[in-house]
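K.L.:
Okay, here's the prediction I keep looking at, along with the sequence it came from:
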Amino acid sequence: MKEEKVIAIFSFTRAGNRQNRLLIEGLSGCGYKCEGYTTPRLGETEGLKVLDEDMKRWVGQQWGKKSFFFIGAAGIAVRYIAPWVRDKYTDSAVLVMDEKGEYVVPLLSGHMGGAVEIAKKAAKIMHAAAVITTATDVRGKFAVDVFARENHLRITDRHLVTRISAAALEEEPIGFYSELPVGGVLPQGLIWCQSREELSGYACAIAVLKRISDIGEDRRENVLFLVPFRERRIVVGIGCRRKTEKQKIDTALRKILKEYGLKPEDVVKLASIDLKKEEPGILELAREYQIPFYTYPPSKLQEVKGEISASDFVRKVTGVDNVCERAARLCAPEGSLLQPKRIVDGITFALVEEHDSLVF
C-alpha cells in the first residue's frame, strides 16, 4: 500500500457515528490512516474525537494535508470545504456518505487525491454504491493523472493531462513511450512507441523518462512528459563494527555517495545482516534519513547469486562471506550494482540502484 494522507471522517448524528466507526475499522484494514470526529453535542461516542473548534477553520488548516470524509448531507460537506477549494492537483480528497451507508460519493480530487479509490473501498466495506461521476472512470477509459499518481510520477504539464483525457474519451490513439520497464497490459487507446521520435505522429502522446533533465530541449506541445519524483533510488548495504557511531557511518556514506554524484536524499533503503538489526548507529542513521532498515539471516544472504568478493574473516564472524553487497542486492534484486563492497573509514558499503517499474 502506498503512503496516503490521513482520512478525517466526520459524523453529526448517533447513526452517523456508528457508520464512522465501521468506516475507520474497514479503511484501516485497507492500509489507510483514519481519524474519526464528531460534534461536542454527541460527546466521545463510538471512540470518536470531539472537535471543539470551528470545523470550517479546522478544515482550512488541514487542507491539502488530510483527506475528508463526511457522513451526512452533501451540502454540509460543500459548506465546510467551499472557502478552501483551489486546484485539483493540491486540493484534499473529499467524500460524502449518507448516514444509512447506502451511497458513497467522491466530491473532490477524485484522481490526484485518490477520492475515487477511497470511495470504491468504502462502498465495498459498507455494502454501499459508489457514485462515480468522473468521465474516464464512468466510461472505463485510461486516466493519465491516475497512472501518474499510482506510479509516483511527476506531471510536467497540467494542460496536456486535460487534452489526453479528452483524447481518451474521444477514442483517439495516444502514443506511449517509456524509458522505465512497464508491467501489465497497455490500456486500450494507448499505442506503444519504440522511441521518442515516434510520438510526433500522434496528436497527444505520453513519454515516461528516468530524469527530468532528460527532457532537455524536447518540449513538444503534443507530448506529456512524466518523470519519477525521486530520480535516483539507492539501496545501501552496510557492514560495521559493533557500536560504530552514527556520525562516523554518515560521514563515510556521504563520501562514497558524493563520488557518484548522489545525495543522502537519494538513499531509499539501508540493508545489512540480522546481527546488525539493533545496531544503534545504523538505526539512528535510518531515523535521520527517514528510510527503512532491512536485515537478513546469513543463510538468506548466502543465496544471493553473482560475482561477490568473499572474506573468510567476515564468514567466521557473521556466517556469510560478504554482508554489505549481498544485503544490498537482496534488498533490490532487480537493481543495478553501482559500487561493490568497499571499505570507507573502516565501514563497508555497497550501492545498488533500484529501477522503478511502471504498472497499468
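P.N.:
Thanks, I have it.
K.L.:
Only C-alpha atoms from now on, for both contacts and neighbour counts.
P.N.:
Fine.
K.L.:
Next, the buried residues of the helix ranked longest in the chain.
P.N.:
Using DSSP state H, we find that the single longest helix of the chain is helix 14-29. The neighbour-count criterion (16 or more other CA atoms under 10 Å) identifies 16-24, 26-27 as the buried residues of helix 14-29.
K.L.:
With stretch 247-262 instead?
P.N.:
When burial is assessed from 16+ other CA under 10 Å, stretch 247-262 yields the following buried residues: 249-250, 252-253, 256-257, 262.
K.L.:
Contacts for that stretch, please.
P.N.:
By CA atoms under 8 Å, 6 or more residues apart in numbering, the surrounding residues in contact with stretch 247-262 are 263-264, 281-282, 285, 344-345, 347, 349.
K.L.:
ok so, going back, from the buried residues of stretch 247-262, which is closest to residue 116?
P.N.:
Nearest to residue 116, judged by CA to CA, of the buried residues of stretch 247-262 is residue 262 at 37.0 Å.
K.L.:
Now secondary structure, pLDDT and distance to residue 60 too, for the buried residues of stretch 247-262, in CSV please.
P.N.:
Rendered in CSV, the data for these read as follows (DSSP: H, G, I helix; E, B strand; the rest coil; pLDDT from 0 to 100; distance: CA to CA, whole Å):
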residue, secondary structure, pLDDT, distance to residue 60
249, helix, 98, 42
250, helix, 97, 39
252, helix, 97, 44
253, helix, 97, 41
256, helix, 96, 44
257, helix, 97, 41
262, coil, 94, 38
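K.L.:
which stretch of helix or strand covers residue 269?
P.N.:
Secondary structure assigned from DSSP states H and E places residue 269 in strand 267-273.
K.L.:
Return the list of strands paired to that strand, each annotated with direction.
P.N.:
Sheet partners assigned to strand 267-273 using DSSP bridges are listed as strand 234-239 (parallel), strand 293-296 (parallel).
K.L.:
Tell me the helices and strands packed up against the lengthiest strand in the chain.
P.N.:
Taking DSSP state E as the assignment, the strand of the chain that covers the most residues is strand 336-344. Other elements packing on strand 336-344 under the criterion 3 or more CA pairs under 8 Å, 6 or more residues apart in numbering; DSSP states H and E are helix 246-259, helix 324-331, strand 347-353.
K.L.:
Looking at the ones you listed, which is nearest to residue 195?
P.N.:
With CA to CA as the yardstick, what comes closest out of the helices and strands packed on strand 336-344 is strand 347-353 (23.9 Å).
K.L.:
Mind listing residues that contact the very next helix or strand once past the closest one?
P.N.:
Next in sequence after strand 347-353, counting helices and strands by DSSP H and E, comes strand 358-359. The contact list for strand 358-359, computed with CA under 8 Å, 6+ apart, reads 151, 180-184.
K.L.:
circling back: write a ChimeraX command that selects only the buried members of the contacts of stretch 247-262.
P.N.:
Written as a ChimeraX command, the selection of buried residues from those, which uses 16+ other CA under 10 Å, is:
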select :263,281,282,285,347,349
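K.L.:
Dump the contacts of stretch 247-262 to CSV, plus pLDDT.
P.N.:
Formatted as CSV, the entries for the contacts of stretch 247-262 read as follows, by pLDDT from 0 to 100:
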residue, pLDDT
263, 93
264, 94
281, 97
282, 97
285, 97
344, 97
345, 96
347, 97
349, 98
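K.L.:
Now residue 114: closest residue in space, sequence neighbours ignored.
P.N.:
Residue nearest to residue 114 in three dimensions, not counting chain neighbours: residue 93, with 6.3 Å by CA to CA, 6 or more residues apart in numbering.
K.L.:
so who does that neighbour touch?
P.N.:
When contacts are counted by CA under 8 Å, 6+ apart, residue 93 is found next to 66-68, 106-110, 113-115.
K.L.:
Closest one to residue 60 out of these, please.
P.N.:
residue 66 (10.2 Å).
K.L.:
so what's the backbone phi/psi at the closest one?
P.N.:
Recorded main-chain torsions at residue 66 are phi -130, psi 160, according to degrees, to the nearest 10.
K.L.:
Can you report how many residues neighbour it?
P.N.:
22 (other CA atoms under 10 Å).
K.L.:
Ok, residue 54 next?
P.N.:
Neighbours of residue 54 using other CA under 10 Å come to 8.
K.L.:
got it, and residue 237?
P.N.:
Applying the criterion other CA under 10 Å, we find 30 residues in the vicinity of residue 237.
K.L.:
got it, and residue 217?
P.N.:
Taking other CA under 10 Å as the criterion, the count of residues near residue 217 is 7.
K.L.:
Cool, thanks, signing off.
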